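Participant: would you be able to build a 3D model of this:
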Amino acid sequence: MTGKGHRITTFSIIFGTTGSILAAGLSLFASTFPDSSEYLFFGKRRNRYHRRYTHWLLLWLFLSLVCFSRADWIIPRISALVDGVDAHRDIWSCVGFWFMGCALHVLEDAFCGKIPVIRPWKREFGLHIFHMSKKIGEMSAGEKTFTLCAILISLAAWIIRDIKIIGLVNFWRSL
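Facilitator: Next up, the predicted model:
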């Protein structure tokens with residue numbers, strides 16, 4: 001996927017599921033890190049190692065789960081970070097959502113190519129639902145469709161989540 005596709009898809013998925021602009025923003029910034037880190041680690045040999053070590057799904061999932069467990073599975077709050085009240089949990093949660101942005105990048109790449117799952121040096125899994133555009137930085141029709149579907153599904157998740165919260169509040173008030 002292109003960087004634009006990664007950013008839009010990752011932001012909408014995280015915001016739709018959490019309702020947190022902070023969590024979604026952190027994931028958005030991390031959504032292109034696996035590709036950009038290849039320049040840092042491999043330099044001119046970047047293409048030789050593309051979608052290998054930096055796209056190892058288990059690494060990003062493990063790091064995010066460790067951070068979320070340290071944060072007691074909370075969604076980060078800007079107020080807690082500013083006030084400093086119990087901020088260590090929110091900091092761990094922020095780092096967890098950053099790693100989750102990297103994990104979503106890798107999962108999104110699996111829809112248009114292969115990624116490593118078990119062995120970081122071998123591309124093993126891919127769905128090939130759409131192809132990339134031949135022009136660098138241009139979103140293909142398949143990528144645009146995939147991104148639009150992710151936005152719509154995330155919007156539905158956001159609406160359902162809010163309906164459940166409102167329903168629980170009304171139920172609680174009725175008691």
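Participant: remind me, longest helix of this structure?
Facilitator: The residue-count maximum for a helix in the chain (DSSP state H) belongs to helix 141-174.
Participant: distance between that helix and the chain's centre?
Facilitator: The gap between the average C-alpha position of helix 141-174 and the chain average comes to 17 Å, counting by Cα atoms, centre = their mean, to the nearest Å.
Participant: mind listing what's buried along it?
Facilitator: For helix 141-174, the neighbour count (16 or more other Cβ atoms under 10 Å) marks 142, 143, 146, 147, 150, 151, 154, 157, 158 as buried. C-beta here means a position set from N, CA and C on the backbone, and glycine is covered the same way.
Participant: wait, the fourth one sits on residue 5?
Facilitator: Yes - at 5.2 Å, residue 147 counts as touching residue 5 under the criterion of Cβ atoms under 8 Å.
Participant: follow-up on the earlier one: tell me what the longest helix of the chain is packed against?
Facilitator: helix 3-18 (3 or more Cβ pairs under 8 Å, 6 or more residues apart in numbering; DSSP states H and E).
Participant: who touches the helix it packs on?
Facilitator: Contact with helix 3-18 is made by 1, 20-21, 23-25, 27-28, 30-32, 35, 75, 97, 100-101, 104-105, 108, 137, 139, 143-144, 146-147, 150-151, 153-158, 161, as judged by Cβ atoms under 8 Å, 6 or more residues apart in numbering.
Participant: please apply the same query to stretch 86-94.
Facilitator: Taking Cβ under 8 Å, 6+ apart as the rule, stretch 86-94 contacts 22-23, 26, 67-68, 70-72, 74-77, 80-81.
Participant: mind doing that once more with 10 Å?
Facilitator: 20, 22-23, 25-26, 66-84 (Cβ atoms under 10 Å, 6 or more residues apart in numbering).
Participant: can you say which of these are buried?
Facilitator: 20, 22, 23, 25, 26, 67, 68, 71, 75, 76, 77, 80.
Participant: correct me, but residue 112 touches residue 145?
Facilitator: No - taking contacts as Cβ atoms under 10 Å, residue 112 lies outside contact range of residue 145: 11.7 Å.
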